[in-house]
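Student: what follows is a predicted structure for the sequence shown.
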Amino acid sequence: MTASAPFDITEDRCWFTSDLHFGHARILEYCRRPFATVEEMDNALITNWNLLVRPEDTVFVVGDFSLASKQHQIRKYRERLRGSIVLIRGNHDSRKGFIAFDQVEDLLRVRVTTEQPMLRPLDGQPYMLREQQTLVLCHYGMEVWEGAHKGAWHLHGHSHGTLPRRGRRMDVGVDCHSFAPVSFAQVANVLSQVPFERVDAHKERT
């Protein structure tokens, strides 16, 4: 499965999350979520989202937005959330209701541009150092992914924090991040510290 053309965005405009499970009462038991009712959970997820996300931001939901199967049910949740939403399908995402989202994919590459003010060494003049980081978004955590051998990072959900971390991949599900989206800065703070390791057939043979 190959991702479509990369989604280009700047670091201050994007957020990542997964496995919100809006309307799913049994997820409270399955994942021991600290809410008394599904309504309390839904309201907390929406509040946490809107405290962080601005209307001009984009949130990449890496699967399992809701168990609702009808368009009007999904729209009710979507209308309460700020920002644009790009959905990467998960196993609980219905084939209905995708009209509520700005974009829907099974797998997505995202190119995030970061900027850092610098001074030129020869004349001391300021300039902006621009760098790009490629992310591969898929609901399921993968052992290897497109561009992993070139430094691409992988963001996933599905496992609710139970999948052992390996390499430069990260579970962005709400159960791992205080029931809120994570910023690119948070992702980079974790994954940039993981030593680069080639774990697939592109590794040089000796």
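Tutor: That came through, no problem.

Student: can you give me the end-to-end span of stretch 8-16?
Tutor: Start to finish, the residues bounding stretch 8-16 are 14 Å apart (C-alpha to C-alpha, to the nearest Å).

Student: for stretch 16-31, same thing?
Tutor: Using C-alpha to C-alpha, first and last residues of stretch 16-31 are 20 Å apart.

Student: kindly report the same for stretch 156-166.
Tutor: 12 Å.

Student: quick one: buried residues of the longest helix seen in the chain?
Tutor: For the chain, the longest helix by residue count, based on DSSP state H, is helix 38-52. Under the neighbour-count criterion of 16 or more other C-beta atoms under 10 Å, helix 38-52 has 38, 41-42, 44-46, 48-49, 52 buried. For every residue, glycine as well, the C-beta is placed using N, CA and C.

Student: do you know how far residue 61 is from residue 78?
Tutor: Distance from residue 61 to residue 78, counting by C-beta to C-beta, to the nearest Å: 10 Å.

Student: now do the shared contacts for those two.
Tutor: Common neighbours of residue 61 and residue 78, using C-beta atoms under 8 Å, 6 or more residues apart in numbering, are 85, 101.

Student: can you show me the strands along the protein?
Tutor: 7-10, 14-17, 58-61, 84-88, 103-105, 108-119, 126-137, 153-156, 169-171, 182-183 (DSSP state E).

Student: quick one: which of the buried residues of helix 38-52 is nearest to residue 12?
Tutor: In terms of C-beta to C-beta, no member of the buried residues of helix 38-52 lies closer to residue 12 than residue 52, at 12.0 Å.

Student: about what we covered before: ok, residue 61 and residue 78, which is more surrounded?
Tutor: Just comparing residue 61 and residue 78: by other C-beta atoms under 10 Å the higher neighbour count belongs to residue 61, 28 against 18.

Student: ok, what's across the strand from that one?
Tutor: Applying DSSP bridges to residue 61 gives these bridge partners: residue 17, residue 87.

Student: residues contacting it?
Tutor: 17-18, 20, 85-88, 101.

Student: same question, residue 161
Tutor: 171, 173, 175-176.

Student: look at it and report its pLDDT.
Tutor: Looking at residue 161, its pLDDT stands at 93.

Student: and the residue nearest to it when sequence neighbours are not counted, how many neighbours?
Tutor: Spatial nearest neighbour of residue 161, excluding adjacent residues (C-beta to C-beta, 6 or more residues apart in numbering): residue 176 at 4.4 Å. Counted by other C-beta under 10 Å, the residues lying close to residue 176 total 18.

Student: quick one: pLDDT of residue 176?
Tutor: 97.

Student: measure it to residue 167 for me?
Tutor: Counting by C-beta to C-beta - residue 176 and residue 167 are separated by 17 Å.

Student: cool, and residue 46?
Tutor: Distance from residue 46 to residue 167, by C-beta to C-beta: 33 Å.

Student: kindly check the end-to-end length of stretch 131-144 for me.
Tutor: Using C-alpha to C-alpha, the two ends of stretch 131-144 sit 23 Å apart.
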